[in-house]
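Trainee: Compute the structure for the input listed below.
(one chain, ligands or ions: 1)
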Amino acid sequence: MSVHVLLGGAPDAGKSVALHTLTAGLMLDPDTQGLFIDGKGGVELAAWERVAHGGVRCDIDSATEGLEWARKRMDERYAYLSSAGARKITRGMGFGLLAVVIDELSAFTLYPDKKKREAFLVPLHDLGARGRAAAVRVIAATQKPGSDVVPTYIRDLFDIRWALRCTTKEASDTVLGSGWAARGIDASTIPLEAAGVGYLLAGRSGPVRVKGFHLSDAQLSDLAAYAVELRTATAWE
Ligand SMILES: Nc1ncnc2c1ncn2[C@@H]1O[C@H](COP(=O)(O)OP(=O)(O)OP(=O)(O)O)[C@@H](O)[C@H]1O
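Mentor: As a prediction, the model looks like this:
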């Protein structure tokens, strides 16, 4: 099963809206735990603050600490699987999804301090590589999907890729995988005014042109408030 999602595209292509739509789908299940990391200083993911473990994390130290927290949860799940003789976390085992949502991944993958950058990349890679069986989902968006910006070994962990409008065919191919632009599937041909339109690669049949749902800021804050309400509902009963 495919799990991790990478969204790439030029400024104003519609990445944040798409990221929120996917996030809402996960966070409206009250069993989902969310880790939110915002490379844009908190402006993008602020709506999810109240359901974010430890709040929305903006600086690399708290982002890394959050990833290490998620990694511990993942290890606990693996320990459970091993004691239960099961291969993957499924409903009914008492664990919800663990969603790791990252906006502007490149703020961390390009962080100037190499030590801090690597401290961030190690748990991120581990969550990407081993998260599948442990019901951990990583969803990340970036304006700069190039291999010089997001290391290829990280990028390749994302099995669902959504290329919104890109500025060049190379950028489109970096999100989707090389060779698609030459075959006419090229997100740099998406018109400027077509925000939310992109090529979605999910599965074996190749990228499909899709338009994401447009979520207004008011709808987003309603959904986020509902996600909070769902988590406190039991306290009212
Ligand atoms: N699916 C959609 N349908 C219609 N309009 C959309 C859609 N998605 C986004 N938009 C509009 O496009 C504009 C840019 O969207 P958004 O902020 O998500 O882009 P972005 O790629 O995250 O930009 P940046 O990288 O600069 O933050 C906004 O005005 C938004 O309302």
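Trainee: Confirm for me that Arg57 is in contact with Ala70.
Mentor: No: Arg57 is beyond contact range of Ala70, at 11.1 Å (criterion: CB atoms under 8 Å). No exception for glycine: its C-beta is placed from N, CA and C like everyone else's.
Trainee: Which residues are in contact with each of those two?
Mentor: Leu35 (CB atoms under 8 Å, 6 or more residues apart in numbering).
Trainee: Centroid-nearest residue for the protein?
Mentor: Ile139 (1.0 Å; CA atoms, centre = their mean).
Trainee: quick one: that one is in a strand?
Mentor: Yes: in this structure, Ile139 lies within a strand as judged by DSSP: H, G, I helix; E, B strand; the rest coil.
Trainee: host element of Gly25?
Mentor: Gly25 belongs to helix 15-27 when assigned by DSSP states H and E.
Trainee: Buried residues, the very next helix or strand once past that helix. List them.
Mentor: Counting by DSSP H and E, the next helix or strand C-terminal to helix 15-27 is strand 33-38. For strand 33-38, burial by neighbour count (16 or more other CB atoms under 10 Å) applies to 33-38.
Trainee: Same question for stretch 29-49.
Mentor: 30, 32-39, 42, 44-48.
Trainee: next one: stretch 63-80
Mentor: So, applying 16+ other CB under 10 Å, buried residues of stretch 63-80: 63-67, 69-71, 73-74, 77.
Trainee: Just the ones of these in helices?
Mentor: Those of these mapping onto helices are 63-67, 69-71, 73-74, 77, per DSSP state H.
Trainee: got TSV for those residues, with pLDDT and distance to the ligand too?
Mentor: Shown next, in TSV, are these (pLDDT from 0 to 100; distance: CB to the nearest ligand atom, whole Å):
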residue	pLDDT	distance to the ligand
Ala63	98	18
Thr64	98	23
Glu65	98	25
Gly66	98	21
Leu67	98	22
Trp69	98	26
Ala70	98	24
Arg71	98	27
Arg73	97	28
Met74	97	28
Arg77	97	32
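Trainee: export those to TSV and tack on distance to Asp148?
Mentor: Formatted as TSV, those follow (distance: CB to CB, whole Å):
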residue	distance to Asp148
Ala63	21
Thr64	22
Glu65	27
Gly66	25
Leu67	22
Trp69	29
Ala70	26
Arg71	26
Arg73	32
Met74	29
Arg77	34
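Trainee: Test my guess that Lys117 contacts Thr109.
Mentor: Residue 117: Arg, not Lys. Yes: judged on CB under 8 Å, Arg117 makes contact with Thr109 at a distance of 6.9 Å.
Trainee: Now do the strands in the chain.
Mentor: 5-8, 33-38, 98-103, 136-142, 160-164, 197-202, 208-211 (DSSP state E).
Trainee: Next, count neighbours for the one residue in the chain that gets nearest to the ligand.
Mentor: Using CB to the nearest ligand atom, Gly196 is the residue of the chain that sits closest to the ligand, at 2.1 Å. Residues lying near Gly196 (other CB atoms under 10 Å) number 20.
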